[in-house]
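1. Sharing a sequence plus its predicted fold:
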Amino acid sequence: MSGAGEQADILSVADVVRERWRVVKKIGGGGFGEIYEVLDQLSQVNVALKVESAQQPKQVLKMEVAVLKKLQGKDHVCRFVGCGRNDRFNYVVMELQGRNLADLRRTMTQGIFSVSTTLRLGRQILAAIESIHLVGFLHRDIKPSNFAMGRLASTCRCCYMLDFGLARQFTNSNQEVRPPRPVAGFRGTVRYASVNAHKNKEMGRHDDLWSLFYMLVEFMVGQLPWRKVKDKEQVGNLKETYDHHLMLKHLPSEFSIFLEHVLTLDYFTKPDYQLLMSVFENAMKSHNVLENDPYDWEKCDSNSLLTTASTANTVQLTRLTPAYMGMANASMLPGEHQKENTEDVLQGERLSDADNCPPIPAHHPHQGGDVWEEMDRNRNHKHSQPAIRKVSASRQWTHTRGRAEGESGCMQIQGASGRQHCGPFSISAVRWALRVHHNAT
């Protein structure tokens with residue numbers, strides 16, 4: 001239940017959606033609805049469930065499902081698990097990711113990322129943006145909190161694009177660019193929105209790239225020139241009159257090519273993604289950045305490696321999960337963060353349930369036609385165990401051997417200083433650290 005005067009949460013801990021997904025905890029909420037960490041009782045894996053009220057005037061999860069399904073199999077995209085609706089709410093289930101980039105930057109001592117981390121993140125984000133453009137959609141809300149690192153050992157160095165609720169299809173059925181509307185209305189988040197967005201113009205592929213440029217500046221400087229300006233119109237005026245070349249002094253010299261190219265683009269022009277990618281690659285070479293270098297949040301202080309708790313002479317490792325740290329897969333939406341009628345942006349788009357999904361078992365009749373019909377991945381249903389694990393809202397970290405990620409894990413841990421660290425740890429390294437701690441005490 002929410003506080004006094006607020007609406008009750010749509011779901012509660014231990015609720016089960018469609019006899020499959022058991023709610024572990026709420027990990028986010030905002031204008032779009034709510035997001036929960038849930039246990040998939042079929043696969044015994046924790047996943048993310050987004051939900052919106054069926055009575056909500058503007059439905060946005062339908063767009064989330066449409067874009068997520070089109071992007072399946074692409075890098076930097078969460079795995080789609082299922083979706084559905086009932087009289088109370090609509091929902092979509094997807095792979096649960098780790099901490100978002102906005103939060104990770106705030107955990108840095110000076111609130112900035114290094115050149116090394118910024119270049120490698122920028123390259124991944126650009127690849128994600130290109131992927132969504134190639135399937136005919138704009139994201140229209142590119143910002144740090146809509147990108148998160150993976151939470152598994154096998155994915156914790158991969159950056160994932162999140163939240164497609166503001167996406168818009170910019171191509172028609174013939175893959176031609178749709179004519180722009182005279183007035184489109186503001187879409188996005190004020191701090192990272194392009195000048196076009198502030199002018200209520202139809203947004204194009206270049207507008208997503210402008211938001212990426214602003215992100216890169218913030219990563220390396222810690223703030224943007226309009227950070228403290230609250231009024232949307234004033235921010236738009238600042239962006240329109242500000243000499244963006246002044247921002248280049250904080251970036252690697254190669255980024256002048258990025259800015260100059262984006263300045264040449266308009267609604268109809270396809271960006272040269274290869275040219276933009278070369279900016280990151282050339283800057284990595286000139287700054288001696290290696291792909292396998294640790295990210296800033298992976299650089300652990302050896303003097304504060306582990307937070308330990310001793311109970312009955314047993315040392316336990318506490319894994320600070322994304323949910324525990326309050327880092328949801330979708331950020332809360334500010335008041336000026338508006339949603340668009342989904343039916344308007346899906347004109348001419350056929351949302352077939354057969355797209356990017358496995359066959360529906362015979363005992364789940366396929367009605368066809370609507371995006372909300374169940375798309376559950378039940379291929380392993382016959383092999384699932386009947387027993388259901390008990391779900392605890394507060395869980396201890398355990399290392400699972402024999403999984404795809406092998407003998408290493410990606411832990412988020414907190415040292416005595418209170419700073420969070422994330423990085424790959426082998427089992428032997430953790431055991432060694434525990435022995436050192438035990439001997440010291």
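-> Looks like it arrived, so ask away. Numbering: from 1, shown residues only.
2. drop to CA atoms for contacts and neighbour counts, all remaining ones
-> Fine.
3. Tell me who's in contact with the nearest residue to Met247 once chain neighbours are set aside.
-> With sequence-adjacent residues excluded and distances taken as CA to CA, 6 or more residues apart in numbering, Met247 is closest to Val217, at 6.9 Å. Going by CA atoms under 8 Å, 6 or more residues apart in numbering, Val217 touches 223-224, 247, 250-251.
4. so after the helix or strand hosting Val217, what's the next helix or strand?
-> Secondary structure assignment for Val217, by DSSP states H and E: helix 205-221. Moving toward the C-terminus from helix 205-221, the next helix or strand (DSSP H and E) is helix 232-241.
5. okay, now Ile112: neighbour count?
-> For Ile112, the neighbour count with other CA atoms under 10 Å is 21.
6. for the one 5 residues further on, same thing?
-> Applying other CA under 10 Å, we find 19 other residues in the vicinity of Thr117.
7. Confirm it sits in a strand?
-> No. Going by DSSP: H, G, I helix; E, B strand; the rest coil, the assignment for Thr117 is helix, not a strand.
8. I'd say it and Trp297 touch.
-> No. The pair Thr117 / Trp297 is not scored as a contact, 9.2 Å apart, by CA atoms under 8 Å.
9. Which parts of this structure are strands?
-> Assigned by DSSP state E, the chain shows strands spanning 16-17, 21-30, 33-40, 45-53, 80-85, 89-95, 137-138, 147-149, 159-161, 168-169, 308-311, 314-317, 408-414, 420-426.
10. Low-confidence ranges, this protein, go.
-> For the chain, residues meeting the criterion pLDDT under 70 lie at 1-6, 30-31, 300-441.
11. at 80 what do you get?
-> In the predicted model of the chain, residues 1-7, 30-32, 300-441 satisfy pLDDT under 80.
12. List the contacts of the closest residue to Val221 other than its chain neighbours.
-> Nearest non-adjacent residue to Val221, counting by CA to CA, 6+ apart: Ile112, 6.1 Å away. By CA under 8 Å, 6+ apart, the residues touching Ile112 are 105-106, 218-222.
13. Dihedrals phi and psi, Ile112?
-> Dihedral pair for Ile112: phi -130, psi 160, per degrees, to the nearest 10.
14. From Trp297, how far out is it?
-> 11 Å (CA to CA, to the nearest Å).
15. check contacts around the closest residue in space to Ser253 that isn't next to it in sequence.
-> Spatial nearest neighbour of Ser253, chain neighbours left out: Ala283 (7.8 Å); criterion: CA to CA, 6+ apart. Ala283 makes contact with 119, 252-254 under the criterion CA under 8 Å, 6+ apart.
16. so can I have a markdown table of these showing neighbour count and distance to Phe213?
-> Formatted as a markdown table, the contacts of Ala283 follow (neighbours: other CA atoms under 10 Å; distance: CA to CA, whole Å):
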| residue | neighbour count | distance to Phe213 |
| --- | --- | --- |
| Leu119 | 26 | 12 |
| Pro252 | 18 | 13 |
| Ser253 | 13 | 14 |
| Glu254 | 18 | 13 |
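17. Could you let me know which of those ends up closest to Leu42?
-> Leu119 (39.0 Å; CA to CA).
18. thought the closest one was touching Phe280?
-> Yes. Using CA under 8 Å, Leu119 is in contact with Phe280, at 5.7 Å.
19. Find residues that contact each of those two.
-> In terms of CA under 8 Å, 6+ apart, Leu119 and Phe280 are not both contacted by any residue.
20. pretty sure Gly33 contacts Pro57?
-> No. Gly33 lies out of contact with Pro57 (CA under 8 Å); the separation is 11.6 Å.
21. Who has more neighbours out of these two?
-> Gly33 (22 against 8).
22. Can you name the residues bridging to that one?
-> Gly30 (DSSP bridges).
23. gap between it and Phe89?
-> Taking CA to CA as the measure, Gly33 falls 10 Å from Phe89.
24. what do these two both touch?
-> 51-53.
25. Quick one: residues contacting Asp208.
-> The contact partners of Asp208, taken as CA under 8 Å, 6+ apart, are 129, 138-142, 194.
26. Of the residues you listed - the most surrounded one?
-> Going by other CA under 10 Å, Ile142 tops the contacts of Asp208 with 29 neighbours.
27. which ones are touching that residue?
-> Listed by CA under 8 Å, 6+ apart, the contact partners of Ile142 are 188, 192, 208, 211-212.
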